[in-house]
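Asks: Mind looking at a prediction? Sequence and model below.
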Amino acid sequence: MKKILPLIIIVVFSVIFYAIYKESTKSLKIKRLACQAKTTTFERVFAQGPVKEGIDALLNKNYIIKSNIEYSKYMKSNIKQSVYIEDLDRLLTSVIDRYAKPTDSTDTKKVLIEYYLYENDKEDKGKNNDKAKEYAGYLMFDFKYDNKLIYKIQTDYSFVDTRDVEERMECAINSFISLKGK
């Protein structure tokens, strides 16, 4: 019995250590939704924030949009004459409307959606490798509720004419809303 107890303790500690190790080394590349696997997508949930409340506000159409476009600086922009912030905001609003389910909630707090469209600058000397030049750009979304960052997602778009931007916006909104089930 004296020899079995230390063995059991070692096994228990080994299992606990292994579980902690596996959790802490999870890849950022694990995708929760199929749309996230279509292009390079990174996300982060800020657990200390009121995520469910932010999602409820979005679904109740209690949101504010702040947006920006970062055009390429070193190469001639492919989108400067064709992509405008107002059009992107309308596109995002129409995507959100597809998910909106207004309720009788009396909560008037709004979720702030700060996003920007970045045009990949393929002539930027700071690009470390050719893989960084493969995509056309990316969308970066920050979702804030009650002045707290609750969710962040970055997703690449593939076409220089931005025809897949709506799909990537839909993925970002769907990714955020899908956290409600967690």
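Replies: Nice, thanks for sending it over. Residues are numbered from 1 along each chain as shown.
Asks: can you give me the helices for the protein?
Replies: According to DSSP state H, the chain carries its helices in the segments 4-24, 34-38, 51-59, 85-99, 165-177.
Asks: report the angle between the axes of the last one and helix 85-99?
Replies: This points to helix 165-177. 50 degrees (axes from the mean of the first three to the mean of the last three CA atoms, to 10 degrees).
Asks: and helix 165-177, what does it pack onto?
Replies: helix 34-38, strand 41-45, helix 51-59, helix 85-99, strand 137-145, strand 148-157 (3 or more CB pairs under 8 Å, 6 or more residues apart in numbering; DSSP states H and E). C-beta coordinates here come from the backbone N, C-alpha and C atoms, glycine included.
Asks: I'd like to know which elements the fifth one is packed against.
Replies: I take that to be strand 137-145. helix 51-59, strand 111-119, strand 148-157, helix 165-177.
Asks: ditto for the fourth one
Replies: When contacts are defined as 3+ CB pairs under 8 Å, 6+ apart, helix 85-99 sits against helix 51-59, strand 63-70, strand 111-119, helix 165-177.
Asks: possible to save the ones you listed as a markdown table with mean pLDDT?
Replies: Formatted as a markdown table, the helices and strands packed on helix 85-99 follow (pLDDT from 0 to 100):
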| stretch | mean pLDDT |
| --- | --- |
| helix 51-59 | 93 |
| strand 63-70 | 97 |
| strand 111-119 | 97 |
| helix 165-177 | 97 |
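Asks: Put together CSV for the ones you listed, with mean neighbour count and distance to D142 on each row.
Replies: Converted to CSV, the helices and strands packed on helix 85-99 look like this (neighbours: other CB atoms under 10 Å; distance: least, CB to CB, whole Å):
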stretch, mean neighbour count, distance to D142
helix 51-59, 20, 11
strand 63-70, 14, 9
strand 111-119, 20, 4
helix 165-177, 21, 10
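Asks: Out of these, flag the one nearest T103.
Replies: Proximity to T103, assessed across the helices and strands packed on helix 85-99 by CB to CB, is greatest for helix 51-59 (7.6 Å).
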